[in-house]
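**Student:** Just a sequence and a predicted model for now, questions to come.
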Amino acid sequence: MINYIYTSPTDIKEAATSYFSSLFTNDTTERAIMEPLGLSKLSTQQAQHLEQEVTIEEVKQAIWSCDGTKLEPAFTCYKTT
């Protein structure tokens, strides 16, 4: 309700639940359509591959395989002297 003072915990909980639920409802009437843009879709197998957990070893390999000359300036400005 508008211009109503909620005093009981039950009323406050119901008002908060109602308010935030309304923010996250999915209005499907105005969704963007991506089909005409010529974008490719992932196959089910590709999507499942992206959702797999990443291991510490994979992270380590990815970091160690980086070329040190391509790091951001913030990471290369440390003085060693």
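**Tutor:** Thanks, I have it.

**Student:** Determine which residue lies closest to the centroid of this structure.
**Tutor:** For the chain, the residue sitting closest to the mean C-alpha position, by Cα atoms, centre = their mean, is residue 51 at 13.1 Å.

**Student:** What values do phi and psi take at it?
**Tutor:** Backbone geometry at residue 51, expressed as degrees, to the nearest 10, gives phi -90, psi 0.

**Student:** Contacts only, for residue 7.
**Tutor:** Contacts for residue 7 (Cβ atoms under 8 Å, 6 or more residues apart in numbering) come out as none. Glycine gets a C-beta too; all of them are placed from N, C-alpha and C.

**Student:** helix/strand/coil for it?
**Tutor:** coil (DSSP: H, G, I helix; E, B strand; the rest coil).

**Student:** which residues of the chain score low on pLDDT?
**Tutor:** By pLDDT under 70, the low-scoring segments of the chain are 1-2, 26-28, 31, 33-36, 68-81.

**Student:** Tell me where it has strands.
**Tutor:** Assigned by DSSP state E, the chain shows no strands.
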